[in-house]
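Enquirer: predicted model, plus sequence, below.
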Amino acid sequence: MTPHIRVRNLNAWYGTQPALKNINLEIPRQQITVIMGPSGCGKTTLLKTFNRFFELTEGARLTGQVLIDDEDIYARDVDETEVRKRVGLLAQRPTVLPMSIYENVAYGLYIHQMRKDARSYKEAVRHYLELAGLWEEVGKRLHDPATALSIGQQQRLCLARGLAVEPEIILGDEPTSALDPISSQHIEKKLLELKSRYTTVIVTHTLRQAKRLADYVIFMYMGEVIEAGPAQEVFTRPQQERTRQYLEGLF
Amino acid sequence: MKFRWQRRHVGEALAKLLMFLSLGLVFASLVMILWTVLSKGLPALTWQMVSQAPKGGFYLGKEGGILNAILGSLYLAGGGTLLALLFSLPLALSLETYLGNSRWGNGVRLALDVLWGIPSIVYGAFGFTLMLALGMRASLLGGILVLALLELPIMTRAMDEVIRRMPRDLELAALALGSNKREVAVHVILRQMLPGIVTAILLAFGRGIGDAASVLFTAGYTDHLPTSLMRPAASLPLAVFFQLGTPFPEVQQRAYAAALILTIIVLVVSLSSRWLAARFGRFTVR
């Protein structure tokens, strides 16, 4: 299958500080790709370049290309809101919008005008809450404030909200790091269930999570991609010394 | 483990003392103001006072009321607040979403702070000069315009402070779904900030309705009920001022009644806005 995201000669800076150095990557379609590496290695920065979030940091600039289905998302005439519609993001800390549970899911549908009448909105909200595994818990209190949910439920609500705009790609920036173990399991399970439909890219700093989720692995160090390949190969037979050291927990 | 006095305990005790002193001072001022206004104003507060305009000889202690000033003040402050809101809300939102902490953004903030500090009599004089140049006479409209000018910096800065305290993650969450900046501002920032915005509006309204100097030249004063934007309008602070300035005790007492009415209006607006803020605050993300 053709890769879904292609990164070509990507260099990025915060001010004068280089953050990404000459990245070249191919991210496979409808699999889970895990980006791992020690803190400050640029994994979150790389993730942010996939949904045009990188540019939201002051002083950030980049050269090179990020292609989604052969379309450069940094080309001049690209509308970043369209990119972000195609590429959903699950943030590190679940952040619900200041609205009811129902409105949180309906919000994306509303701004992109993806539904016509009230009934199809209701159906869609239910569908995506079910998809995120939250419907049973909140179906009876859809009009409560989203902040009334537990933090784990909030993250699944964020997932439902992201899925509702029908993205092709889901990005996860350490999406379970703020959650308790049970809630983390919920999210991991959902991501595994959804991977046949969405290309998923997850940043994590826990090796065990990487091993549980990954089909494809990218190992980064000091702003560079050291090694990338199918999870099986990278975990069992790392080609690079740095990767081997990282997997053994040496840094 | 036994307690013994140390330097840090002295510091703690001093801080506590200072805290209670200032609390007492604030509370005592409030009680004393209310007591003065109530004890002096309540006896003069009759139905006639709030239901009639001044009749001939009112300022000598004869018949009539201050309905002209009550209505005038409500129109002036209400109109001014509405007009100020019309400009300050988009201004505050654009300060956050488009200008941020850029040089332009901070320039606008500095300008607003300077405007905030300008005494209201200067606004009054400025408004008066402007009205003369335009060939306008003292009128309700003039008063509303000047009050809007007076309230604009207060309202905008109060909103700006509230908006700046908004969690950045919230904005990112909306952006991640593909919202543009306008949608972020209207759907997310505005909803999150509604309680704070209500408070900002109230703050400005309170300043507007209580200000005498800015409406002195621009709205003027009249014994007639306000009927036209182009006619002068009375206001409560000026009603207090004029009546307190007469040598007749019964008229002076009416000044306190007017002050009492003004206080009640502010209190009612304040309490209802608190109630509104609590209702809107239901969905706020903390």
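Expert: That came in fine, so what should we check first? Numbers count the residues shown, from 1 in each chain, chains lettered A, B, ... in the order given.
Enquirer: quick check: residues of the stretch 151-286 of chain B near chain A?
Expert: B:167, B:169-170, B:172-180, B:183, B:187-188, B:191-192, B:282-286 (Cβ under 8 Å from any Cβ of the partner chain). C-betas here are computed from N, CA, C, even on glycine.
Enquirer: quick check: mean pLDDT of the helix or strand hosting residue A:12?
Expert: Element membership of residue A:12, judged by DSSP states H and E, is strand A:5-14. Mean pLDDT, strand A:5-14: 95.
Enquirer: just stretch A:163-182 next, same as before
Expert: Taken as a whole, stretch A:163-182 carries a mean pLDDT of 93.
Enquirer: over to residue A:99: give its phi and psi.
Expert: Taking degrees, to the nearest 10, you get phi -140, psi -180 for the backbone angles of residue A:99.
Enquirer: surely it meets residue A:144?
Expert: No - contact criterion Cβ atoms under 8 Å: residue A:99 and residue A:144 do not qualify, at 10.6 Å.
Enquirer: picking that back up, can you give the distance of the strand holding residue A:12 from its chain's centre?
Expert: With Cα atoms, centre = their mean, to the nearest Å as the basis, strand A:5-14 stands 17 Å off its chain's centre.
Enquirer: more neighbours, residue A:99 and residue A:144?
Expert: Using other Cβ atoms under 10 Å in any protein chain shown, the more surrounded residue of residue A:99 and residue A:144 is residue A:99, with 21 against 15.
Enquirer: ok, now which ones touch that one?
Expert: A:107, A:145-146, B:191, B:283 (Cβ atoms under 8 Å, 6 or more residues apart in numbering or on different chains).
Enquirer: so residue A:25: helix, strand or coil?
Expert: Following DSSP: H, G, I helix; E, B strand; the rest coil, residue A:25 is assigned to strand.
Enquirer: wait, residue B:84 touches residue B:152, no?
Expert: Yes - between residue B:84 and residue B:152 there is a contact at 4.6 Å, judged by Cβ under 8 Å.
Enquirer: overlap of the contact sets of the two?
Expert: By Cβ under 8 Å, 6+ apart, residue B:84 and residue B:152 have these common neighbours: residue B:204.
Enquirer: okay, the two: which has more neighbours?
Expert: With neighbours defined as other Cβ under 10 Å, residue B:84 and residue B:152 compare such that residue B:84 has more, 26 against 22.
Enquirer: excluding chain neighbours, give the residue nearest to the more buried one in space.
Expert: Nearest residue to residue B:84, sequence neighbours excluded (Cβ to Cβ, 6 or more residues apart in numbering or on different chains): residue B:151, at 4.0 Å.
Enquirer: okay, now the one you found: neighbour count?
Expert: Around residue B:151 there are 30 residues (other Cβ under 10 Å).
Enquirer: one more: residue B:268?
Expert: Neighbours of residue B:268 (other Cβ under 10 Å): 10.
Enquirer: check the one 5 residues further on too.
Expert: The burial metric for residue B:273, expressed as a neighbour count using other Cβ under 10 Å, is 19.
Enquirer: right, I'll call it a day here.
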